[in-house]
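Asker: Show me the folded form of this:
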Amino acid sequence: MDGMNYIVAVDSGGTFSDCVVINEAGKMWTGKSPSTPPDFERGVIEAVRDAATVMGIGLQELLHNTSLFSHGTTVATNALLTRQGCKTAILTTRGHEDAVVIGRTYQKVAGLSSDEVMDYSRHEKADPAYDPHHIYGVSERVDYAGQIVVPLSMDSLAQIADELEAAGIEAIAVSLLWSFANPVHEQAIRTYLLGRNPSWSVTLSSELAPVIGEYERTATTVINAYLSIETKAYMNKLKRRLREEGYLNRPLVMKSSGGITSIEQAMETPVALLTSGPAGGVMGASALGRQLDHPHILTTDVGGTSFDVGMIVSREPVFAAAPIFSKYQITYPMIEVDSIGAGGGSIAWIESGTGLLKVGPRSAGALPGPVCYGRGGTQPTVTDANLVLGRMNSDYFLGGKHKLNVEAARLSMKPLADRLGMSVEDVALGIVDIADSHMGDLVRKMSVEKGYDPKDFALYGFGGAGPLHVCGYTRGTGIMTIVIPPMSSVFSAYGIAQSDPASVSEESLLLELPCDPKILESALKKLETRSIVELESIGKSFASIEVRREVLIRYQGQKQGLPVRCPHSLQTIEDVQQLMNEYDKVYEQQYGRGTAYRKVGLKVSGLRVRAVGIQNLPGMIAADSFPSTPAVPRFYPVYYRETGGWTATPFYKFSELHKAFQTQGPAIIISDHTTIYVAPDYTVRLDDQQNLVMTNVKGGK
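Answerer: Numbers count the residues shown, from 1 in each chain. Sure thing, here's the model as predicted:
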């Protein structure tokens with residue numbers, strides 16, 4: 001394999017780190033290793049080592065011949081959820097110190113489900129990701145037009161800096177009123193602070209989130225500062241380990257906006273990494289969807305701790321209008337991926353007040369993991385339930401590398417069965433059904449509640465546990481086509497490997513429509529230049545650069561704008577009128593026919609530009625060979641509600657499936673890293689690229 005250039009991508013999740021290796025011809029290898037919190041870089045390296053072993057080469061040989069290493073990480077997300085960030089202070093305009101503490105009315109319910117919103121005991125503000133005693137008001141003022149009303153007082157800033165040093169502050173979020181209209185005061189504050197203490201990590205709202213919305217902009221800036229030290233430490237450790245193992249180029253990191261960036265830029269904007277891994281899954285579906293000619297796709301990722309759903313509409317990933325993390329609204333461009341605490345590691349329990357069986361959101365995580373893993377877990381999980389039902393082969397987990405303990409899984413469910421007066425098998429069915437129901441609700445929320453008909457979408461099921469549950473959470477949605485990619489258990493890593501470098505820039509701009517097209521065009525061009533400059537700073541050469549421009553428009557009196565594609569230069573009033581007409585269509589797509597009401601008036605609320613550096617990466621190639629003879633199944637007992645007991649069920653090995661393979665469930669297909677459960681009312685076939693395509697014979701009912 002000397003002289004071969006490889007693309008290596010690793011997605012480090014809460015339970016496993018997944019690796020994909022692709023060569024110049026498009027051939028693919030995969031690897032998997034348990035994640036290793038808090039030292040996640042060890043799990044990353046071990047996942048690459050596992051892939052190298054599959055290839056028949058050593059780790060250093062693989063990395064030495066790797067031209068591109070990309071990484072998706074949960075380090076920033078974990079630090080935020082567990083409140084393990086650094087000691088952070090906030091500098092804002094004097095008189096506005098309490099703005100971030102007061103927040104918005106919706107902050108108490110931000111990110112909660114409809115059921116949780118009804119539970120008033122959950123109506124609490126977010127745990128602060130900062131020390132409330134270290135919010136400081138700076139003497140200065142800029143007005144809405146960017147005019148300096150009160151000059152920056154350096155004396156007040158010097159006094160604040162003394163207090164920051166005395167308090168041992170590590171990171172500082174600077175968010176001044178209307179700073180996005182004129183950033184000169186924020187820039188001067190950073191220069192002074194770093195002159196006093198170069199070790200401080202300083203984040204400016206005018207650079208990170210130059211958009212209107214004092215609370216949202218400040219919250220985003222604070223979260224970025226809060227995560228900065230932990231993220232920098234991890235990235236530096238990863239960079240050092242990769243170099244020690246033979247990788248000589250600059251590592252790249254997956255951003256939540258659906259593109260990769262340099263590791264240095266990732267260190268400066270950890271808030272951009274909060275959905276790093278899930279965004280990889282959406283981008284992988286986008287790449288595969290182009291090959292399979294699926295313009296509309298629902299992406300579903302079932303991991304060990306969470307279930308993530310994203311959308312691709314008209315071949316473009318859907319961006320979140322108002323991302324929520326840990327009850328904070330983030331105003332930073334992110335692919336929309338909605339998540340719930342439902343996965344293979346979700347713990348089953350009985351609610352004390354009602355005596356009802358519940359599943360999640362608590363998870364066994366990577367350690368100790370499900371009971372059947374034999375790593376010290378004692379509480380039954382969804383994985384244990386699948387094993388008890390016979391849907392997983394205890395001898396073939398991770399390709400036979402690890403044997404699962406069926407008896408331990410059964411014993412863990414015995415207390416639940418005794419309390420509910422049910423058999424262990426029926427409790428296991430209940431656990432799986434509840435998990436599937438939670439997932440199905442999220443699929444409907446991401447499609448029907450947004451004005452889309454699920455019948456128009458193909459659904460891609462991936463993640464370590466996605467293929468096990470996809471029949472359960474698609475039943476009743478009306479979805480007709482389900483695709484299980486051959487690398488489904490490491491699909492987010494595949495998406496990261498298929499992602500080009502990208503930069504997204506946003507800016508607030510308040511204009512009534514129709515307006516002078518030159519004003520809009522000038523502002524869009526400024527953002528386009530900013531995005532391209534950031535893209536080129538990554539230090540790679542591109543075959544071409546593609547630019548996507550969007551104008552956020554809203555009706556008068558509304559708060560939230562909807563993005564409208566602006567594919568060409570705005571030169572005439574007719575161009576602006578066309579933009580307004582397109583907004584009416586977008587609005588009715590979102591809220592229903594007849595909801596558009598032009599007479600109330602239209603307003604521009606912001607702009608967004610995304611630049612992508614096209615690298616011409618090798619895509620997944622069609623399989624060049626299949627087994628010449630039909631696969632011969634082995635039969636094992638599986639427990640079904642429909643039959644009221646155990647039924648002999650055909651088990652197929654994925655590697656033995658021939659080109660014309662097709663069957664109706666019930667059936668189970670096992671591969672090295674996942675298990676595909678084909679329910680009795682589903683059919684499955686193998687396509688030319690070794691994707692498993694499933695269809696509900698009842699028409700999605």
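
Asker: what's the spacing between residue 551 and residue 524?
Answerer: 8 Å (CB to CB, to the nearest Å). (C-beta placed from N, C-alpha, C; glycine too.)

Asker: What of residue 41?
Answerer: For residue 41 relative to residue 524 (CB to CB), the value is 40 Å.

Asker: Could you measure from the residue nearest the centre of the chain over to residue 446?
Answerer: Centroid check for the chain by CA atoms, centre = their mean gives residue 278 as the closest residue, at 2.6 Å. In this structure, residue 278 and residue 446 are 13 Å apart, going by CB to CB.

Asker: what residues are shared contacts of the two?
Answerer: Listed contacts common to residue 278 and residue 446 are residue 310; contacts here mean CB atoms under 8 Å, 6 or more residues apart in numbering.

Asker: Can you pick out the residue with more neighbours from residue 551 and residue 524?
Answerer: Under the neighbour definition other CB atoms under 10 Å, residue 551 and residue 524 were set side by side, and residue 551 has more, 27 against 22.

Asker: Which residues does the more buried one form beta bridges with?
Answerer: residue 564, residue 607 (DSSP bridges).

Asker: Just the pLDDT for it.
Answerer: On the pLDDT scale, residue 551 is placed at 95.

Asker: I'd guessed it sits against residue 575; true?
Answerer: No - applying CB atoms under 8 Å as the test, residue 551 and residue 575 come out as separate, 11.1 Å apart.

Asker: buried stuff in the helix ranked longest in the chain?
Answerer: Ranked by residue count under DSSP state H, the longest helix found in the chain is helix 214-244. If you call a residue buried by 16 or more other CB atoms under 10 Å, then helix 214-244 has these buried ones: 214-232, 234-235, 238-239, 242.

Asker: Tell me the gap between that helix and the middle of its chain.
Answerer: 17 Å (CA atoms, centre = their mean, to the nearest Å).

Asker: now swap in stretch 419-438 and tell me
Answerer: Distance, stretch centre to chain centre, for stretch 419-438: 29 Å (CA atoms, centre = their mean).

Asker: just stretch 236-254 next, same as before
Answerer: Here stretch 236-254 is found 22 Å from its chain centre; the criterion is CA atoms, centre = their mean.

Asker: State the mean pLDDT of that stretch.
Answerer: 95.

Asker: what does stretch 523-535 give?
Answerer: Across stretch 523-535, pLDDT averages out at 92.

Asker: Could you confirm residue 460 falls within a strand?
Answerer: Yes - looking at residue 460 with DSSP: H, G, I helix; E, B strand; the rest coil, it is inside a strand.

Asker: Could you pull up the residues touching the residue lying farthest from the centre of the chain?
Answerer: Using CA atoms, centre = their mean, the residue of the chain lying farthest from its centre is residue 155. It sits 43.7 Å away. By CB under 8 Å, 6+ apart, the contact list for residue 155 is empty.

Asker: where exactly do the helices run in the stretch 301-450 of the chain?
Answerer: Using DSSP state H, counting those that start in this stretch, the helices of the stretch 301-450 of the chain run over 382-388, 406-420, 424-447.

Asker: ok, and for the host helix or strand of residue 651, which residues are buried?
Answerer: Taking DSSP states H and E as the criterion, residue 651 maps to strand 645-653. Buried residues in strand 645-653, defined by neighbour count with 16+ other CB under 10 Å: 649-653.

Asker: now do stretch 183-194
Answerer: By neighbour count on 16+ other CB under 10 Å, the buried set for stretch 183-194 is 183, 185-186, 189-190, 192-193.

Asker: Which ones among those residues map onto helices?
Answerer: Mapping the buried residues of stretch 183-194 onto helices (DSSP H) picks out 185-186, 189-190, 192-193.

Asker: Out of the residues you listed, the closest to residue 73 would be?
Answerer: Set against residue 73, the nearest of these by CB to CB is residue 190 (26.2 Å).

Asker: three-state assignment of residue 534?
Answerer: helix.

Asker: Would you confirm that it contacts residue 502?
Answerer: No - assessed by CB under 8 Å, residue 534 is found out of contact with residue 502, at 9.4 Å.

Asker: count of neighbours near the residue lying closest to residue 695 once chain neighbours are set aside?
Answerer: If the residues on either side of it in the chain are set aside, residue 695 comes closest to residue 683, at 5.2 Å by CB to CB, 6 or more residues apart in numbering. The number of residues packed near residue 683 is 15, by other CB under 10 Å.

Asker: Kindly report the same for residue 644.
Answerer: If you count neighbours by other CB under 10 Å, residue 644 ends up with 9.

Asker: and it, what pLDDT?
Answerer: Confidence score, pLDDT, at residue 644: 80.

Asker: OK, contacts around residue 616?
Answerer: residue 543.

Asker: that older thread, what's the next secondary structure element after the longest helix of the chain?
Answerer: Per DSSP H and E, the first helix or strand lying C-terminal to helix 214-244 is strand 252-254.

Asker: And the following helix or strand past that following strand, what's buried?
Answerer: Following strand 252-254 in sequence order, the next helix or strand is strand 260-262 (DSSP H and E). Neighbour counts using 16+ other CB under 10 Å place 260-262 of strand 260-262 among the buried residues.

Asker: ok, residues contacting strand 260-262?
Answerer: With contact meaning CB under 8 Å, 6+ apart, strand 260-262 is reached by 70, 250, 252-255, 272, 496, 499-503, 534, 537-539.

Asker: Any of those residues buried? List them.
Answerer: 70, 252-255, 272, 496, 499-503, 534, 538.

Asker: For those, name the two members farthest from one another.
Answerer: The distance between the two most remote of those (CB to CB) is 19.1 Å, for 496 and 534.

Asker: so where is this structure shaky, pLDDT-wise?
Answerer: Residue ranges of the chain with pLDDT under 70: 1-3, 109, 111-116, 119-122, 619-625, 699-701.

Asker: ok now stretch 429-441, how far from the chain's centre?
Answerer: 22 Å.

Asker: Can you give the contact residues for it?
Answerer: Residues contacting stretch 429-441 (CB under 8 Å, 6+ apart): 300, 302, 307, 340, 342, 346, 348, 357-360, 380, 382, 385-386, 389, 413, 422, 469, 472-477, 639, 641.

Asker: Mind doing that once more with 7 Å?
Answerer: 307, 340, 342, 346, 348, 357, 359, 382, 385-386, 389, 469, 472-473, 476-477, 641 (CB atoms under 7 Å, 6 or more residues apart in numbering).

Asker: Next: stretch 522-532.
Answerer: 503-505, 507, 509, 545, 547, 549, 566, 607, 609-611.

Asker: same deal with stretch 569-584?
Answerer: With CB under 7 Å, 6+ apart as the test, stretch 569-584 has contacts from 513-515, 517, 520-521, 551, 553, 562, 564, 566, 596, 598, 602.

Asker: do stretch 369-384 as well
Answerer: 343-348, 359, 364, 367-368, 387, 404-406, 408-409, 412-413, 416, 431-432, 435.

Asker: Return the set of buried residues in it.
Answerer: Across stretch 369-384, burial judged by 16+ other CB under 10 Å covers 369-373, 377, 379-384.

Asker: Check the separation of the first and last residues in that stretch.
Answerer: From its first residue to its last, stretch 369-384 covers 10 Å (CA to CA, to the nearest Å).

Asker: do stretch 27-47 as well
Answerer: End-to-end distance for stretch 27-47: 18 Å, by CA to CA.

Asker: so how far is that stretch from its chain's centroid?
Answerer: Distance of stretch 27-47 from the chain centroid (CA atoms, centre = their mean) equals 18 Å.
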